[in-house]
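1. next come a sequence and a model predicted from it.
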Amino acid sequence: MTIKSAGTVIVDKPILKILYQDEFIVAVDKPAGLFVHRSFMDKDEVYFALQLVRDQIGQYVYPLHRLDRPTSGVLLFALTQDVARLMGQAFTDRNIKKTYYALTRGHLLNDGVVDHPLKEKLDDLGDKNVSRDKEAQSAQTHYQSVITASLPVPLGKYSSVRYSLIKCQPHTGRRHQIRRHLAHLRHPIIGDINYGDNKQNPFFGEYFGFKRLMLLAKSIDFIHPVTELAITIEAEFDEQWQQVFSALQWQQDSL
């Protein structure tokens, strides 16, 4: 629901789904299109995940990692500085496993590892003081082809439109790593305006009726820094993902 006042559209404050919460950590399901926190790119934005979570649970929160604005899924926050420090070290030591699902162009049929160094991705406005001459950093992404499908619709020089659902587990955490690695394989993520296909993306928007990056941070696994219990937090495929699954005749239970 929106309200217009003096020509300005005011959007109702979103309520984020809490996937996990204890006295040390909270995890939410971040929708596509929401910034994690305020940045130079967000001058027209009203809401941010950090602010929304803080207001929902009534206390300050510390973001533990980032998700790109167009990426949806599991987003973690610490509730104390000490836990933020411990979890930050766990991320640095690569003791936290993150699993993503991506809808890509074409039929990617094999499983494997993309071991392709990436130059640091910088913002033209926000990273003026960061050197652009740094060497490419090592980057590895494990990927698995889950299922493929085709739509009997001609597009460009092809007689059909092909899609793959790919499960990805990044070993490193470079900016836009999964997006760039899948594009490196010539199977870019649908809806990716930076590294995607300029024919597939418009077709997808027209055929399915929405435009977004089809990348979901599906789950995160880690050892709790205080209780030392193994924790798995998982987000569900949202309605738009379900719409795609239905059109492609993919049964979610079999994925």
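-> Cool, got the structure.

2. quick one, strands of the protein?
-> Counting by DSSP state E, one finds strands in the chain at the ranges 2-5, 8-11, 17-21, 25-30, 62-63, 72-78, 97-105, 112-115, 140-151, 161-170, 215-223, 230-234.

3. and the fourth one, which residues are buried?
-> Same thing as strand 25-30. Applying a neighbour-count criterion of 16 or more other CB atoms under 10 Å, the buried positions in strand 25-30 are 25-30. From N, CA and C alone the C-beta is placed, and that goes for glycine too.

4. that strand: partners in the sheet, and parallel or antiparallel?
-> strand 17-21 (antiparallel), strand 72-78 (antiparallel) (DSSP bridges).

5. looking at the ones you listed, which is buried most?
-> Comparing the strands paired with strand 25-30 by mean neighbour count (mean count of other CB atoms under 10 Å), strand 72-78 comes out on top with a mean of 25.

6. and the angle from that strand to strand 230-234?
-> Going by axes from the mean of the first three to the mean of the last three CA atoms, to 10 degrees, strand 72-78 is angled at 140 degrees with respect to strand 230-234.

7. and strand 72-78, how far out from the chain's middle?
-> Here strand 72-78 is found 10 Å from its chain centre; the criterion is CA atoms, centre = their mean, to the nearest Å.

8. alpha carbons of that strand, in PDB - could you do that?
-> Output of strand 72-78 as PDB, limited to C-alpha atoms (Å, rounded to 0.1, in the frame of the first residue of the first chain):
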ATOM      1  CA  SER A  72      17.400 -11.700  -1.500                       C
ATOM      2  CA  GLY A  73      17.800 -14.200   1.300                       C
ATOM      3  CA  VAL A  74      19.500 -14.800   4.700                       C
ATOM      4  CA  LEU A  75      21.000 -11.800   6.300                       C
ATOM      5  CA  LEU A  76      22.800 -12.000   9.700                       C
ATOM      6  CA  PHE A  77      23.200  -9.500  12.400                       C
ATOM      7  CA  ALA A  78      24.900  -9.700  15.800                       C
END
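
9. for residue 204, which non-adjacent residue is spatially closest?
-> In space, and not counting its chain neighbours, residue 204 is closest to residue 190: 5.2 Å by CB to CB, 6 or more residues apart in numbering.

10. my bad, should have said residue 19
-> Leaving aside its chain neighbours, residue 19 sits nearest to residue 27 (4.6 Å; criterion: CB to CB, 6+ apart).

11. tell me the contacts of the one you found?
-> For residue 27, the contacting residues are 18-21, 74-77, 220, 233, by CB atoms under 8 Å, 6 or more residues apart in numbering.

12. dump these to JSON lines, plus distance to residue 63 and pLDDT.
-> Converted to JSON lines, the contacts of residue 27 look like this (distance: CB to CB, whole Å; pLDDT from 0 to 100):
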{"residue": "18", "distance to residue 63": "15", "pLDDT": "98"}
{"residue": "19", "distance to residue 63": "15", "pLDDT": "98"}
{"residue": "20", "distance to residue 63": "15", "pLDDT": "98"}
{"residue": "21", "distance to residue 63": "15", "pLDDT": "98"}
{"residue": "74", "distance to residue 63": "13", "pLDDT": "98"}
{"residue": "75", "distance to residue 63": "8", "pLDDT": "98"}
{"residue": "76", "distance to residue 63": "8", "pLDDT": "98"}
{"residue": "77", "distance to residue 63": "6", "pLDDT": "98"}
{"residue": "220", "distance to residue 63": "13", "pLDDT": "98"}
{"residue": "233", "distance to residue 63": "15", "pLDDT": "98"}
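
13. wait, which of those is closest to residue 102?
-> When those are ranked by distance to residue 102 (CB to CB), residue 74 comes first, at 14.9 Å.

14. in the sheet, who's paired with the closest one?
-> Counting by DSSP bridges, residue 74 is bridged to residue 29.
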